[in-house]
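# Sharing a model that was predicted from the sequence below.
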Amino acid sequence: MSATEPIVYLVDDDASFLAAISRLLRASGFAVKAFSSASDFLEQRDANAPGCVLADLQMPEMSGLELQSALARTRNPLPILFLTGHGDIPSTVRAMRGGAEDFLEKRASKEKLLGAVNRALARDAREREERVRQGELRARFGALTKRELEVLGHVVLGRLNKQIAADLCIHERTVKLHRTAITTKLRVQSVAELTRLTDEAGIFAASASTFP
Amino acid sequence: MTWITMLWPMVAGACLTMALIHLRIGIRRRPGAAHLLFSLNAVAVAVFSYFELAVMRADSPAQYLALLRWSDFAEVSLIVSLTAFVWVFFGTGRKWLAVLAPSLSCVALSADLLPPAKMTYLQMTSIRKMQTFGGATYTVAEGVPSPWNALFYLGYLLLLVFVVDASVTLWRHGARRRAAVVGGTITFFLLVSGGHSALVETRIIESPYLISFAYLAILMAMGIELSDDVLNAAQLARDLRESENRMILATEAANLGIWVRDLTRKEIWATDNWRALFGFSKSEPLNLDDFLNRLHPDERETVRQALARAIEGDGRYQMEHRLVLPDGQMRWIHSRGRVEFNGEGNPILVRGVSLDITERNKAEQETQLLRQEIAHVGRVSMMGQLASSLAHEINQPLGAILRNAEAAELFMQNGSPDLDEIRAILTDIREDDQRAGKVIDRMRGLLNKHDLDTRPLDVCELVGNVAALVRVDAAVRQVDLNLDVPRDLPFVRGDRVHLQQVLLNLILNGMDALNGARREDRRVSVTARLEGPQSVEITVSDAGHGIPADKITHVFDAFFTTKPNGMGMGLPISRTIIEAHGGRLWAENNNIAGAAFRFTLPIAEREAAAE
């Protein structure tokens, strides 16, 4: 987990508004980085840093909605908040469908603005933690051999050692050895925990049909 | 070969022909008893006519008597079958007569059972050969008449009474033609044949028997009946075909498919149209599962239940469901039908019609869409776009000013504020204020005289075009749009697009003012008239709530609005446009109800109008 301070990234082509809102957020105690275009932001941002994005919806070259989809494809998809001079319904709908944290008018009240930024940062922290946990889980599962993964697939389906041995044409003792290796590598105590962990890591979600 | 030896066999032939025809009909048609009885009757006559001829050519009294005996059997069977035929064919008559008359004949016949025959003559004395015209000869007998014969004639008489009575009853029941033709000829036959035979046998006249000859009348009557039947059948067939054609035409025109489900045989019969609708070929056999398999999977169970309910319940069903054809095409079907029950109240078949409503559903959806689009005509109009982009451009500097002011407040709360920062903020605020001002100036500049594409315009056409644009919107909002523009108004000089925007804006405002108004007050009028020698005045007036007196001077101020979602830009832009044309736009309240917006436009010069 990164311990660095979260950054509010501001993206707006209107220099004067960009300066004004940076001042307000800085004065409110946030770390702020301002960009005058979406492409500048995507090039210059710290690829792993926590934070959120506050972007104008209507910008030349790359619009706010395009920025949203570009961001969603990266490994660090920060939550995005949209600002607009005058919002129309279709783009609001698209933005919210794309997972935008909020949609604010440029003249929205300060409380509303700061509240939305705080929510977006909290969401980023939550999602980040979740991603780290997922990564760690996958690393643990990555340590399993192919055979161990195969045995694991049978174990989480609730099959007995004897049955697994018969299915895989190996000795029952070998199955027991594989099971010990699995529980050690995954650091689990019980089959129930093993099942929950496997489920959480989504190891067999895509290839469930491989196992009877 | 004489006319006698030619005529009698012809009579017999005619009888046999008719007998054959009725035999065939009697076997094929249900109920066929009347035809079979008539057939029997005609055969009896044919046989009788053979013996009649034989009797006429008898050479000895013994031979005469023997032949007479056989002819008596034929005659009695003629009487029995004739009685039965009348009984069945007419369906009327007295039962006791129908039993008694042939019974008496049969009793009389019993005298003939052992030779020598005693029914007609007790004793035969002599026979004579008589000659008649054309050189034909026949035999006449002399003998002692038998008392049995009186019994026979009594039976004959009772049969006559029975037939007359049955015919009269039939006539009263309304089958007048049959009663007159068949009943009449049978009566005629009985009178002539019976009367003549009695005269011959009592030797009042000397002549051969003419019984089978008289029967020709009945043959003729039955021939007429038969030809009527044939003609009727042909007419019925024509009518049936015609009505079927009409039905098919009607169902095709309505794109209706008809299907009948036989519940006992579990089969479905359907018109070609129905088969085409459901994607079946013209000849493949169908059952309920074939039908259900064509339905959309989500609706199979619902439809099956609706059909089952109709059979168990009130005997009717009506539903809308989807079909998925083998090629994946989807159709919407409206189905309704009725169950038919037999005498015991058990369902026997279900008749149904199915209608393709895919197009109708699609059209409804399109109309809905169109209506929604037109309802947005105000928003998507040029003025709406202009107002929207204006709001965006003005909100940028206004937003910046707001954020800067808020930031400055926060800095000031700090114990030792950074004065340089606050100075920078104030500079930015001033610059943003000027920027907002410039946006407004630019908007005014957009609409100055040089940007107008002015041409001579027909006011009537101008108003008509805009009215066409809002007509559907008005109908949806239940507002009457009244136009009163004289055709002979002179042309005005103006920019068509801009003036359309002004009119559109004023009419939509008028309709907005009618929200919540009663139906009879929902009216927007557009009128035009000549105002002095130089200009035309156009008025858009509504019967709505009017403008409050304290607000009437503000309605043309920018951002002034009374509508929840209004931007307050329509009227100021409209006024700018009209003033750029050299006219005036103002508002006033009507005397009775509502507001009126009036604007003037300069008349185009005569030469320009003639271009």
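Structure received.

# Quickly note the distance from the residue of chain A found nearest chain B to residue A:7.
For chain A, the residue closest to chain B is residue A:106, as judged by CB to the nearest CB, at 3.1 Å. Bear in mind the C-beta positions are built from the backbone N, C-alpha and C, glycine included. Between residue A:106 and residue A:7 the distance is 21 Å, computed by CB to CB, to the nearest Å.

# Then residue B:452?
With the distance defined as CB to CB, residue B:452 ends up 52 Å from residue A:7.

# for the closest residue to residue A:62 other than its chain neighbours, what are its contacts?
Nearest residue to residue A:62, sequence neighbours excluded (CB to CB, 6 or more residues apart in numbering or on different chains): residue A:38, at 3.8 Å. By CB atoms under 8 Å, 6 or more residues apart in numbering or on different chains, the contact set of residue A:38 is A:11, A:55, A:59, A:61-64, A:66-67, A:70.

# quick one: buried residues of stretch B:489-505?
B:489-495, B:498-505 (16 or more other CB atoms under 10 Å in any protein chain shown).

# From residue B:252, how far off is residue B:273?
Between residue B:273 and residue B:252 the computed distance is 6 Å (CB to CB).

# Okay, and which of the buried residues of stretch B:489-505 map to strands?
When those are checked against strands (DSSP state E), the matches are B:492-494.

# check which helix or strand covers the spatially most central residue of chain B.
Central residue check for chain B by CA atoms, centre = their mean: the C-alpha nearest the mean position is that of residue B:250, 6.0 Å away. Taking DSSP states H and E as the criterion, the element that holds residue B:250 is helix B:211-253.

# immediately after that helix, which helix or strand?
Scanning the chain past helix B:211-253 towards its C-terminal end, the next helix or strand to appear is strand B:256-262 (assignment: DSSP H and E).

# hang on, the earlier thing: list the ones among the contacts of residue A:38 that fall in strands.
Secondary structure of these is defined by DSSP E; positions in strands are A:11, A:55.

# Quick check on the contacts of residue A:38: which are buried?
For those, a burial check counting by 16+ other CB under 10 Å picks out A:11, A:55, A:59, A:62, A:64, A:67.

# how close does the fourth one get to residue A:37?
This means residue A:62. 7 Å.

# Likewise for the last one?
Remark: distance between residue A:67 and residue A:37 (CB to CB) = 9 Å.

# Kindly list the main-chain dihedrals of the residue nearest to residue B:143 when sequence neighbours are not counted?
Among residues not flanking residue B:143 along the chain, residue B:121 sits closest, at 3.7 Å (CB to CB, 6+ apart). Here the main-chain torsion angles of residue B:121 (degrees, to the nearest 10) amount to phi -120, psi 140.

# gap between residue B:121 and chain A?
According to CB to the nearest CB, to the nearest Å, residue B:121 and chain A sit 111 Å apart.

# for that residue, what are its contacts?
For residue B:121, the contacting residues are B:65, B:68, B:141, B:143-146, taking CB under 8 Å, 6+ apart as the criterion.

# pLDDT at the spatially most distant residue from the centre of chain A, what is it?
When distances are taken from the C-alpha mean of chain A, residue A:171 lies farthest, 42.2 Å away, according to CA atoms, centre = their mean. The predicted local distance difference test score for residue A:171 is 87.

# Which strands and helices lie in contact with the helix or strand in which residue B:67 is found?
Here residue B:67, judged by DSSP H and E, is contained in helix B:61-90. Using 3 or more CB pairs under 8 Å, 6 or more residues apart in numbering or on different chains; DSSP states H and E as the contact test, the elements touching helix B:61-90 are helix B:33-56, helix B:95-109, strand B:121-131, strand B:137-145, helix B:147-173.

# and it, how far out from the chain's middle?
Put simply, helix B:61-90 sits 59 Å off its chain's centre (CA atoms, centre = their mean, to the nearest Å).

# So which residues on chain B come close to chain A?
B:388, B:391-404, B:406-407, B:410-411, B:421, B:425, B:428, B:431-432, B:435 (CB under 8 Å from any CB of the partner chain).

# Comparing residue A:106 and residue A:7, which residue is more hemmed in?
Neighbours were counted for residue A:106 and for residue A:7 using other CB atoms under 10 Å in any protein chain shown; residue A:106 has more, 26 against 19.

# Now that one. Nearest residue, chain neighbours left out?
The shortest distance from residue A:106 to any residue that is not its chain neighbour, by CB to CB, 6+ apart, is 3.1 Å, and that residue is residue B:399.
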